[in-house]
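Asker: The amino acid sequence is not available; the structure is as follows:
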């Protein structure tokens with residue numbers, strides 16, 4: 001019973017295959033304009049704020065990136081791993097009142113995203129871009145809502161990866 005009243009840490013990841021130079025992918029995942037991505041209606045319905053941009057302010061381990069959302073809230077992402085063109089991992093650090101699902105606070109509610117990251121793996125078919133997230137579930141409500149939380153994180157990762165691929169396609173055609 002302690003796992004229900006305490007907390008659990010969970011992991012979810014997604015990947016997409018890309019046929020771009022690793023440096024182009026790296027530039028896109030570290031400084032990304034997300035505002036132009038088509039935002040799924042279900043996310044709006046569920047009260048998930050639309051991401052607008054994410055910009056690295058200070059590069060390297062110990063540096064940070066600021067991700068801005070449509071609800072005027074932010075993640076001030078502390079960089080935990082920085083291996084150029086290979087791996088980038090960060091701690092989320094949401095602002096104090098960052099709400100999702102209309103009422104859940106990401107900074108201290110039953111569902112908290114802890115860390116996230118990107119990994120670039122060379123394959124025969126190009127580069128696999130892997131996006132992963134660690135999240136924490138707290139208390140009875142967190143345990144009860146595990147499956148919906150996991151599905152939303154998974155769908156959000158798919159949305160971001162598809163948007164990154166589209167941005168890369170558009171960047172290539174505009175150069």
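Answerer: Yep, it's here. Note that this is a predicted model, so its numbers are computed, not measured.
Asker: Identify each buried residue in the longest helix anywhere in the chain, please.
Answerer: Of all the segments assigned as helix in the chain under DSSP state H, the longest by residue count is helix 146-173. Buried residues in helix 146-173, counted by 16 or more other Cβ atoms under 10 Å: 146, 149-150, 152-153, 155-157, 159-161, 163-165, 167-168. Where you see a C-beta, it was placed from the backbone N, CA and C, and this is true even at glycine.
Asker: residues near the closest residue to residue 77 other than its chain neighbours, how many?
Answerer: With sequence-adjacent residues excluded and distances taken as Cβ to Cβ, 6 or more residues apart in numbering, residue 77 is closest to residue 90, at 4.0 Å. Residues lying near residue 90 (other Cβ atoms under 10 Å) number 24.
Asker: and residue 90, what does it touch?
Answerer: Contacts for residue 90 (Cβ atoms under 8 Å, 6 or more residues apart in numbering) come out as 64, 65, 77, 78, 79, 80, 81, 115, 116, 117.
Asker: which of those count as buried?
Answerer: Of the contacts of residue 90, these count as buried by 16+ other Cβ under 10 Å: 64, 65, 77, 78, 79, 115, 116, 117.
Asker: what about the last one, distance to residue 152?
Answerer: Per Cβ to Cβ, to the nearest Å, residue 117 is found 18 Å from residue 152.
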